[in-house]
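A.B. asks: can't give you the sequence, but here's the structure:
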């Protein structure tokens with residue numbers, strides 16, 4: 001996620017009928033372009049510039065008890081507090097987010113959209129879960145596929161961060177021991193990948209193009 005653990009794009013596209021897994025009772029809508037982005041509220045931000053342009057801003061999930069404030073277009077503009085599933089229709093080219101550091105695992109999912117004509121509808125009343133267990137540590141990965149430590153199939157897994165802490169190796173992520181450099185998701189040296197689940201709660205496997213690759217991981221369970 002851009003800046004700390006926040007802002008990695010989770011979902012984007014153009015929907016002729018505005019239907020997505022996060023919306024219901026959409027009614028008759030013209031096509032819009034949208035994106036869904038997770039934002040980490042466990043890290044404090046002051047005037048963090050959230051990369052989005054649109055005419056519609058909504059919080060579609062947020063950890064119970066969590067909150068943040070946002071101003072639109074300019075950081076000096078009025079701050080609006082978001083502490084539940086809610087939405088606002090406003091043209092914007094920039095969003096500035098401010099929040100205190102909240103308990104580990106606090107997260108929200110931000111829906112932004114541009115274009116289309118909006119008719120009344122309701123965002124699903126879902127709340128992002130609070131993480132009850134977090135695993136983190138190191139793992140050495142070689143040129144043979146290996147299961148990520150604590151990365152076996154788990155229906156309670158909600159978020160995963162995998163960091164390639166090497167200076168030259170390329171790490172690859174997959175869903176079985178058949179992962180290779182040809183089919184795995186690459187994580188460049190010094191880079192990291194963030195995965196928001198339960199979109200995938202199955203096994204997570206790693207393989208590297210270099211023996212002895214230093215990997216760091218962070219896994220959160222509900």
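C.D. replies: Now that the structure is in, tell me what you want to look at. All of these numbers come straight from a predicted model, not from anything done at the bench. Residues are numbered from 1 along each chain as shown.
A.B. asks: Show me how the chain divides into domains.
C.D. replies: For the chain, automatic domain parsing gives the domain ranges 11-123, 133-221.
A.B. asks: quick one: average confidence on the last one?
C.D. replies: Mean pLDDT, computed over domain 133-221, is 90.
A.B. asks: Nearest residue to the middle of this protein?
C.D. replies: Against the mean C-alpha coordinate of the chain, by C-alpha atoms, centre = their mean, the closest residue is residue 38 at 3.4 Å.
A.B. asks: Am I right that that residue is in contact with residue 105?
C.D. replies: No: with contact defined as C-beta atoms under 8 Å, residue 38 does not reach residue 105; the gap is 11.8 Å. C-beta coordinates here come from the backbone N, C-alpha and C atoms, glycine included.
A.B. asks: roughly how far apart are the residue nearest to the centre of the chain and residue 64?
C.D. replies: 16 Å (C-beta to C-beta, to the nearest Å).
A.B. asks: Please apply the same query to residue 210.
C.D. replies: From residue 210 to residue 64 the distance is 43 Å (C-beta to C-beta).
A.B. asks: more neighbours, those two?
C.D. replies: Each of residue 210 and residue 64 has its neighbours counted (other C-beta atoms under 10 Å); residue 210 has more, 15 against 11.
A.B. asks: so who does that one touch?
C.D. replies: 143, 166, 168, 169, 170 (C-beta atoms under 8 Å, 6 or more residues apart in numbering).
A.B. asks: buried subset of the residues you listed?
C.D. replies: Applying 16 or more other C-beta atoms under 10 Å to these, the neighbour count classes 166, 169, 170 as buried.
A.B. asks: Would you confirm that the last one contacts residue 185?
C.D. replies: No: assessed by C-beta under 8 Å, residue 170 is found out of contact with residue 185, at 10.8 Å.
A.B. asks: ok, back up a step: quick one: secondary structure of the residue nearest to the centre of the chain?
C.D. replies: strand (DSSP: H, G, I helix; E, B strand; the rest coil).
A.B. asks: so what's it bridging to?
C.D. replies: Beta-bridge partners recorded for residue 38 (DSSP bridges): residue 109.
A.B. asks: what do you get for residue 207?
C.D. replies: Bridge pairing for residue 207 - DSSP bridges - gives residue 172.
A.B. asks: How much space separates residue 62 from residue 56?
C.D. replies: Distance of residue 62 to residue 56, computed by C-beta to C-beta: 17 Å.
A.B. asks: ugh, typo on my part, it should be residue 156
C.D. replies: In this view, residue 156 and residue 56 are 32 Å apart by C-beta to C-beta.
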